[in-house]
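J.: return atomic coordinates for the entry below.
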Amino acid sequence: METGTPPEFIRTDEVKAFWTYVLGLCADVWPPCYADFEVMDLYAIAPHLVILDTAPDSERLRVRYAGTRVVELFGQETTGLYMDQVDLGKHKSELLQVYCRCRDEAVPFWTLASVHLNEERSFGPPVQRMFDYERLVFPFQDDDGSNVHLVSIVIREDAATEETGFQCQELAPPTPD
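T.: Numbers count the residues shown, from 1 in each chain. Okay, the predicted model is just below:
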């Protein structure tokens, strides 16, 4: 399968590394097999990963794994929760749609969401800061081609000077060489 370079709009090195790793797993099958995915292959970015499972007999997505940086970002342990139970902020409905489309259509997605947060300080009132959350989510399948899992990376960085709102790009699955 073609791995290529990450799309130009991907901003962070961690997301680019995740792109390269996942496309390297594709060999001759899309979506890649979940059994081939090893979190420890990505130990440097594992704290930023989220692994989601499709709940049996349900359309809901359950968090199988949330890295430590993801837990810090959301202020709660999300492992074991359904995604609709997680506080994803003002872009929650858009993000849930992205995850469901990734699962249903077996295509990767990239998102960028700007969020204003109040940052507590040791003295004085909280300061409002703007952050960008860059995400890349890939579908994975079981060995028999069933039960789609999603693996996503979430990176928070200081926002650019202006709010970008919510951006989403459906990415073309890799094609055979």
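J.: hey, what's the residue most central in space within the chain bridged with?
T.: Centroid check for the chain by C-alpha atoms, centre = their mean gives S152 as the closest residue, at 2.7 Å. Beta-bridge pairing for S152 (DSSP bridges): V50, V137.
J.: isn't it up against L61?
T.: No - S152 is beyond contact range of L61, at 10.3 Å (criterion: C-beta atoms under 8 Å). To be clear about C-beta, it is placed using only N, CA and C from the backbone, and glycine gets the same treatment.
J.: shared neighbours, the two?
T.: L52, Y99 (C-beta atoms under 8 Å, 6 or more residues apart in numbering).
J.: which of the residues in the strand or helix carrying V71 are buried?
T.: Per DSSP states H and E: V71 is located in helix 68-74. Neighbour-count burial for helix 68-74, counted by 16 or more other C-beta atoms under 10 Å, picks out R69, V70, L73, F74.
J.: closest to V107 out of those residues?
T.: Closest approach to V107 among those (C-beta to C-beta): V70, at 22.4 Å.
J.: how about the closest one, what does it touch?
T.: Applying C-beta under 8 Å, 6+ apart, the residues contacting V70 are P47, H48, L49, V50, T78, V154.
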